[in-house]
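**Q** Take a look and give me a structure for this.
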Amino acid sequence: MTPDSPDSGARLITVSAAYGAGGSIVAPALARRLQVPFLQRVTTTTGDVTQPPPCHERLTPEEVKNTPVHRLLASLSQCMPVGPTQSPPSTRHQDEDLRCGAEEEIYRLQAAGEGVILGRAAAIVLGQDCGFHVRLDGPPARRIIQGARIEGISEEQASQHQRAADTARDAYVRRLYRADPADACHYHLVIDSTAMPFEAITELILTASAAVVRPETALA
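**A** Prediction:
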């Protein structure tokens, strides 16, 4: 059975991606190849995971203006550190509402046993023993160049988008889960996605997901 078969490999894949790393291209491509639902990053509307709206590399207007992600950022005087912290009660309630809303859709796909999830700290929510978790990243300068190409904008604009998106999405994971989204311990596969074509990255993920060895299998 090859990665071209929808029945091969992991049927539940999470993709964490920095700006310009191509998460908006690779994650939907994986869902199409596997013929499974696609769940995007947190926005104001969840939508139908079987027919999601267009996926963007940058922060969407909804993220910038309306979502709890923006409210989280507005409440931070500096980047939220990893580790135990204390938040005001009102902020903790907002955090819990955001976390529960985002996780509800993750667990729905987990129960179904299939889907591709972009962002949402899904690798941390599900843990190493459920699904196949991928991190797309790369040197910031190369991500700016690639982000400009993906979005069809100037590198100066892409640099601004990178700072905003990386800060917001990093704060989301750190604030809600007290974790570093770039830490390789959360993922089965970490890829410098500025170093190869997205088509090759998609194939690499499909191949690796079919080859992953679970702890219970290794000990059998």
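**Q** Could you find the closest non-adjacent residue to the spatially most central residue of the chain?
**A** Against the mean C-alpha coordinate of the chain, by Cα atoms, centre = their mean, the closest residue is G119 at 2.1 Å. In this structure, G119 finds its nearest non-sequential neighbour in R41, 3.6 Å apart by Cβ to Cβ, 6 or more residues apart in numbering. Yep, even glycine has a C-beta here, placed from its N, CA and C like the rest.
**Q** Using the three-state scheme, assign that neighbour.
**A** At R41 the chain is in coil, as set by DSSP: H, G, I helix; E, B strand; the rest coil.
**Q** Just give me the neighbour total for it.
**A** Using other Cβ atoms under 10 Å, R41 has 25 neighbouring residues.
**Q** In contact with it, which residues?
**A** R41 sits next to 63, 118-120, 169 when contact means Cβ atoms under 8 Å, 6 or more residues apart in numbering.
**Q** Output the residues you listed in TSV, with distance to Q128, secondary structure and pLDDT appended to each entry.
**A** Supplementary listing: the contacts of R41 in TSV, determined by distance: Cβ to Cβ, whole Å; DSSP: H, G, I helix; E, B strand; the rest coil; pLDDT from 0 to 100:
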residue	distance to Q128	secondary structure	pLDDT
E63	28	helix	63
L118	19	strand	95
G119	18	coil	91
R120	17	coil	90
R169	21	helix	87
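**Q** between those residues, which is closest to P54?
**A** The shortest approach to P54 among those belongs to L118, at 12.4 Å (Cβ to Cβ).
**Q** Quick check: beta-bridge partners of that closest one?
**A** The partner list for L118 in beta bridges (DSSP bridges) reads V15.
**Q** isn't it right next to L39, touching?
**A** Yes - in terms of Cβ atoms under 8 Å, L118 counts as a neighbour of L39; the distance is 7.0 Å.
**Q** which residues of this structure fall in helices?
**A** Under the criterion DSSP state H, helices of the chain are mapped to 23-34, 61-65, 68-74, 89-112, 122-126, 140-151, 155-177, 198-211, 215-218.
**Q** Quick one, which of those gets closest to L12.
**A** Evaluated over the helices of the chain, closeness to L12 peaks at helix 89-112, with 6.4 Å, by Cβ to Cβ.
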